[in-house]
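>>> have a look; sequence and predicted model below, questions after that.
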Amino acid sequence: MEIRVLSWVLISTSLALLLRFVLVVANGRRNRKKAVGFFHPYTNDGGGGERVLWCAVKAIQEGNPNLNCVIYTGDHDASPESLKARAVDRFGVKLLYSPQVVHLYRRKWIEEGTFTRFTMIGQSFGSVYLSWEALCKFTPLFYFDTSGYAFTYPLARMFGCKVICYTHYPTISSDMVSRVRERNSMYNNDALIAQSFWLSLCKVIYYAFFSWMYGIVGSCADVAMVNSSWTQSHIEKLWKIPTRTTRVYPPCDTSSLQVLPLERSVEVPILISVAQFRPEKNQLLQLEAFSIAIRKMDADLPRPRLQFVGSCRNKGDEERLQKLRDKAVELQVVNDVEFHKNLMYRDLVKLLGGAIAGIHSMIDEHFGISVVEYMAAGAVPIAHNSAGPRMDIVLKEDGQKTGFLACSVEEFADAILKLLRMPEAERLVMAAAARKRADRFSEKRFYEDFKTAICPILCHAK
């Protein structure tokens, strides 16, 4: 009898929840607003993804002024005026008018710390919950994901939205699966798992299942823009919508950087590293390579200085920054290293204008906006030999080499030494070639390609 009652209660509760879901979705479909809703829970991360967000908002304001732009954000202090000011102060992007803001209060469900295990799938389903909050509060005609939360696309389609996305990198890729299969320990593959055959096998199966689900939800996008050749190859393989997938290189502020003089002071050669203080950016490798280069450099060469510039999203990033400071002391280069956190864009430009080289060390960086910024500013790039930098950016221009590619600490140290030993005239030739190549990734090019990509789906909204 008790089992029968319990079953009836469970069935009744399930039906009530299902009915509520259907009613909420139906109400959302009826009350869709003539707007583009940008799903970007972190509007203060300071990275390349945020630059894409503001440039995308500006492009829609220019091309479709009859559409309101709405930002879904988990930053509770964000206001229309503060976001418009932030776009200018941090990225030099001048919006035509302030966007509307919808505050989200369930962002914890996409934070890394919420899921100690099965983080990837936990965050993915957490993003659906967060998107539910967003769409219940405001249902737009067009749902635009600029943060890579593909699991939200089917829900947005249920609410009657056309789904547009700009994908910086796939949540899962064959490269990630290969590393687990080969049992390589990395920031996204715990050493305990890498050392165990059975745990690695279980993780491969988990990744295969997740890849299958990721392919299904990703295929719900009406328009999918990707930021590089590497990302495009993975997304087309996983989502299987090649006719709806377009490569649109991210907007890099090449115009304001290209006016900087190529000549730099050689009394204290400056190397710069621009990246968020996240584990995958691997600033620790740069610091170790820099210390090796200093130990190996010729006595008659001027002692260089390394400047780390980046933003901190949370406590974890703050802790990584402190570990870098501690490591600089341990490596005895503390007097040769500077740390700049959450700089204004104008201050970043000043630092780039004084650097002879820019360092980048993320493995499989989907694109690498910072690498393009180095090149546009006249700083020779020393980038990781993988993905975006290798396939799209640090390539020869008119037969002239535009920078260096490296993988290991030793290779990065060797590249730094080569640059320090390079005659000034030779460095200027390489810097000029790099600057010319950077023009391929300008904001102007982004706006043109972006508007072309979204025109088929937005044209009827005019």
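Nice, I can see it. Numbers count the residues shown, from 1 in each chain.
>>> just the C-alphas of stretch 139-156, formatted as PDB.
Only the C-alpha atoms of stretch 139-156 are listed here, as PDB (Å, rounded to 0.1, in the frame of the first residue of the first chain):
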ATOM      1  CA  THR A 139      12.800  35.300 -24.200                       C
ATOM      2  CA  PRO A 140      14.400  36.800 -27.400                       C
ATOM      3  CA  LEU A 141      13.800  36.000 -31.000                       C
ATOM      4  CA  PHE A 142      17.500  35.200 -31.300                       C
ATOM      5  CA  TYR A 143      19.500  33.400 -28.700                       C
ATOM      6  CA  PHE A 144      23.200  34.100 -29.200                       C
ATOM      7  CA  ASP A 145      25.700  32.000 -27.200                       C
ATOM      8  CA  THR A 146      29.200  33.600 -27.100                       C
ATOM      9  CA  SER A 147      30.600  31.400 -24.300                       C
ATOM     10  CA  GLY A 148      30.500  27.900 -25.700                       C
ATOM     11  CA  TYR A 149      27.500  26.400 -23.800                       C
ATOM     12  CA  ALA A 150      26.200  24.200 -26.500                       C
ATOM     13  CA  PHE A 151      23.900  22.200 -24.200                       C
ATOM     14  CA  THR A 152      21.700  25.200 -23.900                       C
ATOM     15  CA  TYR A 153      20.800  25.200 -27.600                       C
ATOM     16  CA  PRO A 154      18.000  22.600 -27.500                       C
ATOM     17  CA  LEU A 155      16.300  24.500 -24.700                       C
ATOM     18  CA  ALA A 156      16.600  27.800 -26.600                       C
END
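>>> quick check: mean pLDDT of that stretch?
The pLDDT scores in stretch 139-156 average 96.
>>> okay, buried residues for it please.
139-156 (16 or more other Cβ atoms under 10 Å). In short, each C-beta sits where N, CA and C put it, glycine included.
>>> equivalent analysis for stretch 341-348, please.
L343, Y345, L348.
>>> quote the end-to-end distance of that stretch.
The first residue of stretch 341-348 is 10 Å away from its last residue (Cα to Cα, to the nearest Å).
>>> among the buried residues of stretch 341-348, which has the minimum pLDDT value?
Out of the buried residues of stretch 341-348, that is Y345, at 82.
>>> distance to D398 added to the buried residues of stretch 341-348, as a markdown table?
Listed next are the buried residues of stretch 341-348 as a markdown table, based on distance: Cβ to Cβ, whole Å:
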| residue | distance to D398 |
| --- | --- |
| L343 | 33 |
| Y345 | 30 |
| L348 | 29 |
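>>> what about E373, helix or strand, and which?
Using DSSP states H and E, E373 maps to helix 369-377.
>>> what about that helix, distance to the chain center?
15 Å (Cα atoms, centre = their mean, to the nearest Å).
>>> ditto for stretch 389-402
Distance, centroid of stretch 389-402 to centroid of chain: 22 Å (Cα atoms, centre = their mean).
>>> quote the end-to-end distance of that stretch.
11 Å.
>>> tell me the SS of the residue most central in space within the chain?
Centrality entry for the chain: nearest residue to the mean C-alpha point is G49, 4.5 Å, by Cα atoms, centre = their mean. Taken by DSSP: H, G, I helix; E, B strand; the rest coil, the conformation at G49 corresponds to helix.
>>> how much space between the closest residue to it other than its chain neighbours and E319?
Of all residues not flanking G49 in the chain, H168 sits nearest, at 5.6 Å (Cβ to Cβ, 6 or more residues apart in numbering). Distance, H168 to E319, using Cβ to Cβ, to the nearest Å: 24 Å.
>>> shaky segments in this structure?
For the chain, residues meeting the criterion pLDDT under 70 lie at 1-10, 12-21, 23-31, 180-197, 460-462.
>>> tell me how it divides into domains.
25-251+444-461, 254-440 (automatic domain parsing).
>>> among the buried residues of stretch 139-156, which are in strands?
Using DSSP state E, the members of these that fall in strands are P140, L141, F142, Y143, F144, D145.
>>> would you confirm that the second one contacts K162?
When you say that, I think you mean L141. Yes - using Cβ atoms under 8 Å, L141 is in contact with K162, at 6.6 Å.
>>> which ones are touching G388?
N227, S228, S229, W230, T231, E365, H366, F367, G368, V371 (Cβ atoms under 8 Å, 6 or more residues apart in numbering).
>>> let's go with 7 Å and repeat that
By Cβ atoms under 7 Å, 6 or more residues apart in numbering, the contact set of G388 is S228, W230, E365, H366, F367, G368.
>>> buried ones from the residues you listed, can you make that a PyMOL selection?
Here is the PyMOL command that selects the buried residues among these (16+ other Cβ under 10 Å):
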select buried, resi 228+230+365+366+367+368
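>>> and of the contacts of G388, the nearest to P99?
Each of the contacts of G388 was checked against P99 using Cβ to Cβ; the closest is F367, at 24.4 Å.
>>> secondary structure class for that closest one?
Applying three-state DSSP: F367 is coil.
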